[in-house]
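Novice: got a structure for you, letters missing:
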């Protein structure tokens, strides 16, 4: 179990070096075969520093998974800002939602970061806090829900429950691609786009303001 001792915040540079080293080793050799000594050597810090910053190897694994998840959340928020911030007309909503979805399907779901997260969660589930551990939790859904609530305030969408609308949007777009194709990576599979486009149109038939 992860330690309950108070951990040092320490140097941001050292912390990042330890996380990067641990990530590389966990991916290359697996959690069980990656020692704290090896992480410390690769990060060019002492073994004591690793323990002071992260407590134990399981907590370090969780920190690696969480850091990848935060990177992906940053990508989602940036994509929301880039594609859905300046939409003011109902006629523009379909194109904007398709652009957002396709950007997520390439820049996020097709990224090395996403592949890393999926691999670590799949292969090291027994060493994470619980089965099905989700480093991103509900943050992406809530970020999309916030944007849908803003569209509702602007009169573009009729969404009494923005979070439910966000969940349904994700299910109709990325969820359908994952269920049908086993992947929503548009960078590698041209079949993703038609599914995403139809999902956006189905969502708008339900939620566009009449």
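Specialist: Now that the structure is in, tell me what you want to look at. Quick caveat, the model's predicted, so the values are computed rather than measured.

Novice: Residue 84 contacts residue 98, doesn't it?
Specialist: No. Contact criterion CB atoms under 8 Å: residue 84 and residue 98 do not qualify, at 11.0 Å. For glycine as for every other residue, the C-beta is placed from the backbone atoms N, C-alpha and C.

Novice: Low-confidence stretches in this structure?
Specialist: Scanning the chain for pLDDT under 70 picks out 1-10.

Novice: Spell out the residue ranges of the helices in it.
Specialist: 12-29, 36-43, 47-54, 57-84, 93-103, 112-123, 139-153, 162-170, 176-181, 192-207 (DSSP state H).

Novice: Among the ones you listed, which comes closest to residue 132?
Specialist: helix 112-123 (8.1 Å; CB to CB).

Novice: gap between that closest one and the chain center?
Specialist: 10 Å (CA atoms, centre = their mean, to the nearest Å).

Novice: And the contacts of that helix?
Specialist: Applying CB atoms under 8 Å, 6 or more residues apart in numbering, the contact partners of helix 112-123 are 23, 26-27, 30-31, 61, 64-65, 68-69, 71-72, 75, 108, 128, 133-135.

Novice: Kindly report the same for stretch 169-177.
Specialist: Stretch 169-177 is contacted from outside by 97, 101, 104-105, 109, 140-141, 144, 148, 183-184, 191-192, 195-196, 199-200, 202-203, using CB under 8 Å, 6+ apart.

Novice: Thanks again, I'm all set now.
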